[in-house]
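Q: Below: sequence and its predicted model.
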Amino acid sequence: MTRDNNNCQKPLSFNMGIAKLAKLIRSDAPTSVRNKEIGDYSGKIIALDTSIVLNQFRSAVPGHLKLRPPKEKRAVLEKRAQSTGWSSSLSSNTVSCFTQECQHLLLLMGVPCIRAPGEAEALCAHLVKSGAVNAVASEDMDTLAFGGTVLLRQLNAKKDSEVSEYSLPKLLEALQLTHKEFVDLCILLGCDYCDKIVGLGPSRALKLIKEHHTIEVVMEHVNKKTHPIPSNWDYKAARKLFFEKPQIDAPVLAWNEPDEEGLVQFLCREKPLKEIKVRGRIQKFRESLLKRRKKREVDDKMGPTRQSRLEEFFPATRRRKAESTVVGRSGGTKRSKTK
């Protein structure tokens, strides 16, 4: 998914949507997260907020930054833009040429691409809630606040990589919160759309929401000397954004074969890439695709015979790379740590 507003650059030094939410989940709702392998998602449809990835590349080209974010997000975007050494251009109502070219490239590659009418995370969350996709891949934790039922983090193309899968239903069950209460908790923790109550940490925020259920009642009971309420705090506008349903027709998500001649025209005639390299990559892609299709056909004929892993029954912790298993002469095993 790409944003119609193409609206933010999110350097890794920032809180990725909801401040300290990942830490709170690890401490108070660990059963809502499972570490899985990328192969577990073979054949699944994953919605990806491409604007985060694209902006990492675009950060080196400040002139391409043409944004149209919600007004509630402009303050945090300005702060992020300043941290990178350049100012943002938030008044433009046009989609950047860079974004349009990326969308064109995706379509030439046969990748289904949707332009979000607002926040891409909101559309991705809507797609997984409606069953149009199986999960959302994003580092942005506010996907959960938007109602995304399955969030994947650390998703990359490496075959042996591990993926962190967050389940919103399990998270709400573990925290004993409704989705409305969870959204208010996210606003208290600190989101991109408004300020937060100063000095209010994750544990305290969770306790207050469990006890008082809404931000309105929390404000009546919080110590305003130690936790001052922001002036003109527009938390209601932030709350509204999290619950707004994207105004978009049901998308048709279908992969197509790459348009080889179109890719050559775009990448080699309009852009400076060498034709021999582009055609070589396309050939390798087709060979890999054919190999995967044949494997899938074999797997389908064999049926569901794959042995279930322990991680499917118990929440797995991330592998410790520093640990290795050493087999002793007696046939037993022991753990040793690599220094």
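A: Now that the structure is in, tell me what you want to look at.
Q: Could you use CA atoms for every contact and neighbour count after this?
A: Will do.
Q: who are the neighbours in contact with the closest residue to residue 170 other than its chain neighbours?
A: For residue 170, ignoring the flanking residues on the chain, the nearest one in space by C-alpha to C-alpha, 6 or more residues apart in numbering is residue 32 at 4.9 Å. In this structure, residue 32 makes contact with 25, 166, 167, 168, 170, 171, 174, judged by C-alpha atoms under 8 Å, 6 or more residues apart in numbering.
Q: How about residue 177?
A: residue 210 are the contacts of residue 177 under C-alpha under 8 Å, 6+ apart.
Q: Give me the secondary structure label for it.
A: coil (DSSP: H, G, I helix; E, B strand; the rest coil).
Q: Identify the residues contacting stretch 207-223?
A: Applying C-alpha under 8 Å, 6+ apart, the contact partners of stretch 207-223 are 176, 177, 181, 184, 185, 188, 229.
Q: Pull up the distance across it, start to finish.
A: Using C-alpha to C-alpha, to the nearest Å, the end-to-end distance of stretch 207-223 comes to 14 Å.
Q: from the chain's centre, how far out does that stretch sit?
A: 29 Å (C-alpha atoms, centre = their mean, to the nearest Å).
Q: Can you give me the buried ones in it?
A: By neighbour count on 16 or more other C-alpha atoms under 10 Å, the buried set for stretch 207-223 is 208, 209, 210, 212, 213, 214, 215, 218, 219, 222.
Q: got it, and stretch 123-134?
A: Under the neighbour-count criterion of 16+ other C-alpha under 10 Å, stretch 123-134 has 123, 124, 125, 126, 127, 128, 129, 132, 133, 134 buried.
Q: longest single helix anywhere in the protein?
A: If you go by DSSP state H, the chain has its longest helix at helix 275-302.
Q: Tell me which residues of that one come out buried.
A: Here helix 275-302 shows residue 282 as buried, counting by 16+ other C-alpha under 10 Å.
Q: Just want the most central residue of this protein.
A: residue 138 (1.2 Å; C-alpha atoms, centre = their mean).
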